[in-house]
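1. When you get a sec, could you give me coordinates for this:
(chains A and B)
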Amino acid sequence: MNKRSKVVSYNKWGYIFLIPFVVVYILFQLIPLITTIYNSFFENYLSGLKQIGPNFVGLANYKALFSNGDIWIYAKNTVILWIMCFVPQIIFSLLLGAWFSNTRLHLRGSRFFKTVMYLPNLIMASAFAMLFFALFSDNGPINSMLLQMGIISTRYKFLSNVWSTRGLIAFMNFLMWFGNTTILLMAGMMGIDMELFEAAEVDGATSTQVFFKITLPLLRPILIYVIITSMIGGLQLFDVPQILTNGTGDPMRSSMTLIMFLNKHLYSKNYGMGGALSVVLFIITGILSLIVFKVSGNSERKG
Amino acid sequence: MTEKNKTGLKKGLGIKSQRLIAYIVLVLVTIMCLFWFYVLFINATRSNSELQSGFTMIPSSHLIENWTNLIHGTLPVWHGLINSLIVSSLSAALSVYFSSMTAYAIHAYDFKLKRFMFTFILMVMMIPTQVTALGFVKMISAWKLEDSFIPLIVPTIAAPITFFYIKQYMDSSLPLALIEAARIDGAGEFRIFNTIVIPLLKPAIAVQAIFTFVSSWNNYFIPALILHDDKKKTLPILIAQLRSADWLKFDMGQVYVMIAFSIFPVIVVYLILSRHIVQGVALGSVKG
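-> Below you'll find the predicted structure:
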């Protein structure tokens, strides 16, 4: 009896220790989320110097958001940039992961290569974008180098062409994230039961067969996790295109992402439209998060 | 028999050439990762006229000149550095201390809302700060906290990812028997947390402190919406300012020094602690 009451008195400390998290979460996340949703139902912007609203307009902001074609252009840009970054990233990561976890291949220096590959992830994205802007500018060192080597005869305007601009953004994100993905997939591959590989080897399977018939199916939960978290990350794409194009998303808004669009509304203080856009992004990330949650929950139960 | 030999032979050759290909690709990947930083550091040592005259792989001697030009220029570089240091180190400290506290609450105690809280934190883990930025910025300006570091530092107390990592570390290396023993010795719950639990969590705390420091150091979106005063700006905002200024008027040597200056501290920390960081990446994100 005595013992039980003691246990109860300890357990109130669980609540006490949770207070900082709960208070800060409610103040800085939950209330802002609610006011963001609330704002999405109001007309509230500056027209010249005149403040319009806030007036309750129901779903008019959402209607305006979707009937004005801009959001579709920016959504398309975001998806294109994500695919351009993710496809090479997953191919590289699977390949490097398979090589490093292959005991027959016995590659040395895995720690060195992991260290090098992860380095770009920690670099300030805005500084990295500024660096690429300087390097790939019309008179920049990359153009000089290509000229000196005779690969091109006139300077190539990297940042005036749609696909070279998108290519640069995707490449920078690829550099920043493929090391992370490689390390995750490698950890997953190391976790696969070695006996399966040995059995396959005895049966005379080639490396390619082992990869497609054993490694890939067993990696499924981690692969799904990597894909969905990468999608959530892709949706947040901002720093690199913002700095590289100075917020314009040029050429012809072809590299303007959804968060850059949101940032524009926040700067011009168009809170109604900004709110509606935020809610749409919140719903998309919410659905994706739920999938991650389900997938990692399942794999936990299995393993 | 002959067939078996054949496949055996094929495999032996295959392995060697596979290994060769793997090493070639890895060397190329290494070059692809490091080339940009090499060019950055070379260019930071060259004067503007040297930079205009073309590209070379050999460093020059104008690093210090570029540096003095930069700090005597219009960009408040020192302020930026100090502000970034303050925001990032306080964020890291608060985030790991309070995330450990949250994780400890869930790990060591049994209470009614325990499962709910744990599930809730995992569910909100992936929600990006951008989607609540509008409400956040409106609230900050209503509270007159613009140009203050509080809105950049305090919110890191509620960091689901840091929480999750430390919770996982506790599951593997914080035996509840140890806490029981401390209780029998008469230590209070707060004291147990501060003097026994925190020291035991050191490896996990170190990894997460670095991650929080780096992400705060690199953070651009929210600080750019909150800090308007030149004396309060952090380094990423100064980089953006450098970009939006008419850059042709700039001395490019200064631009490169500024970029190098912004990423240099992180590179140094990373090279010292890379082993723990790389391990941390693998441990933190995947459960399965």
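2. Next up, the contacts around B:Y104.
-> Going by CB atoms under 8 Å, 6 or more residues apart in numbering or on different chains, B:Y104 touches A:17, B:170, B:193, B:197. Where you see a C-beta, it was placed from the backbone N, CA and C, and this is true even at glycine.
3. hmm, try it at 6 Å
-> The contact partners of B:Y104, by CB atoms under 6 Å, 6 or more residues apart in numbering or on different chains, come to A:17, B:193, B:197.
4. Around chain A, which positions in the stretch 151-288 of chain B sit nearby?
-> Applying CB under 6 Å from any CB of the partner chain, one finds that the stretch 151-288 of chain B approaches chain A through B:155, B:157-158, B:189, B:214, B:218, B:220-221, B:236, B:239-240, B:243-244, B:255, B:259, B:262-263, B:266, B:270, B:274, B:278, B:281-282, B:285-288.
5. By neighbour count, sort out the buried ones in those.
-> Among those, the ones that count as buried by 16 or more other CB atoms under 10 Å in any protein chain shown are B:155, B:157-158, B:189, B:214, B:218, B:220-221, B:236, B:239-240, B:243, B:255, B:259, B:262-263, B:266, B:270, B:274, B:278, B:281-282, B:285-288.
6. Apart from its chain neighbours, what residue comes closest to the residue sitting nearest the centre point of chain A?
-> Centroid-nearest residue in chain A: A:G233, 1.6 Å away (criterion: CA atoms, centre = their mean). Of all residues beyond its chain neighbours, the one nearest A:G233 is A:W177 (7.2 Å), with distances taken as CB to CB, 6 or more residues apart in numbering or on different chains.
7. Among the residues of the stretch 151-288 of chain B next to chain A, which lie within helices?
-> Secondary structure assignment by DSSP state H places B:189, B:214, B:218, B:221, B:236, B:239-240, B:243-244, B:255, B:259, B:262-263, B:266, B:270, B:274, B:278, B:281-282, B:285 of those in helices.
8. For chain B, which element, helix or strand, carries the lowest mean pLDDT?
-> Per-element confidence for chain B was summarised using mean pLDDT, DSSP states H and E. The lowest value among helices and strands belongs to helix B:2-44, with a mean of 78.
9. How about the next helix or strand after that helix, which residues are buried there?
-> Remark: after helix B:2-44, the chain's next helix or strand is helix B:48-52, criterion DSSP states H and E. Applying a neighbour-count criterion of 16+ other CB under 10 Å, the buried positions in helix B:48-52 are B:48, B:50-51.
10. Those residues of the stretch 1-150 of chain B touching chain A, which are they?
-> Taking CB under 6 Å from any CB as the contact definition, the stretch 1-150 of chain B meets chain A at B:15, B:19, B:22, B:26, B:30, B:33, B:40, B:54-55, B:98, B:101-102, B:104-105, B:109-111, B:123, B:126-128, B:130-132, B:134-136, B:139.
11. now stretch B:166-176, how far from the chain's geometric center?
-> 23 Å (CA atoms, centre = their mean, to the nearest Å).
12. What average pLDDT does it get?
-> Along stretch B:166-176, the predicted confidence averages to a pLDDT of 89.
13. quick one, helices of the stretch 101-250 of chain B?
-> Assigned helices in the stretch 101-250 of chain B, in chain order: B:114-124, B:133-142, B:150-153, B:160-173, B:176-184, B:189-192, B:198-200, B:202-218, B:221-226, B:235-244 (criterion: DSSP state H, counting those that start in this stretch).
14. what does the third one contact?
-> The set of residues external to helix B:150-153 that reach it, using CB under 6 Å, 6+ apart, is B:87, B:90-91, B:140, B:145, B:223, B:226.
15. Point to the residue nearest the middle of chain B.
-> Chain B has B:V214 as the residue nearest its centroid, 2.5 Å off, counting by CA atoms, centre = their mean.
16. list the contacts for that one?
-> Contact partners of B:V214, counting by CB under 6 Å, 6+ apart, are A:122, B:266.
17. and of the helices of the stretch 101-250 of chain B, who's closest to A:F212?
-> helix B:160-173 (31.4 Å; CB to CB).
18. Quick one: residues in contact with that closest one.
-> B:95, B:99-100, B:102-103, B:107, B:121, B:124-125, B:204, B:208, B:284.
19. Now tabulate the residues you listed in CSV and tack on pLDDT and distance to A:K294.
-> As requested, those are arranged in CSV below (pLDDT from 0 to 100; distance: CB to CB, whole Å):
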residue, pLDDT, distance to A:K294
B:S95, 97, 27
B:S99, 96, 24
B:S100, 96, 28
B:T102, 96, 23
B:A103, 96, 23
B:H107, 93, 24
B:I121, 92, 16
B:V124, 87, 15
B:M125, 85, 13
B:A204, 90, 26
B:Q208, 91, 25
B:G284, 58, 20
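20. Tell me the one of these nearest A:Y156?
-> The shortest approach to A:Y156 among those belongs to B:G284, at 40.6 Å (CB to CB).
21. picking up where we left off before, could you single out the nearest of the contacts of B:Y104 to B:A44?
-> Distances from those to B:A44 were compared by CB to CB; the smallest belongs to B:V197, at 44.5 Å.
22. What sits closest to the closest one if chain neighbours are left out?
-> Sequence neighbours aside, B:Y104 is the residue nearest to B:V197 in space, at 5.7 Å (criterion: CB to CB, 6+ apart).
23. try B:W78
-> Of all residues not flanking B:W78 in the chain, B:I71 sits nearest, at 6.6 Å (CB to CB, 6+ apart).
24. burial count for that neighbour?
-> By the other CB atoms under 10 Å in any protein chain shown criterion, the neighbourhood of B:I71 contains 15 residues.
25. what's A:L277 in contact with, if anything?
-> A:L277 sits next to A:L262 when contact means CB under 6 Å, 6+ apart.
26. Go ahead and list the helix or strand containing it.
-> Take DSSP H and E as the rule and A:L277 turns out to sit in helix A:271-302.
27. Now do the domain split for chain B, please.
-> In the domain annotation for chain B, the residue ranges read B:2-64, B:75-244 (automatic domain parsing).
28. and those domains, which one's lowest on average pLDDT?
-> When those are compared by mean pLDDT, domain B:2-64 comes last with a mean of 80.
29. so how far is that one from its chain's centroid?
-> On CA atoms, centre = their mean, the centre of domain B:2-64 falls 26 Å from the chain's centre.
30. one step back: mind checking how far the residue nearest to B:V197 is from B:K112?
-> Shown here: B:Y104 relative to B:K112, a distance of 18 Å by CB to CB, to the nearest Å.
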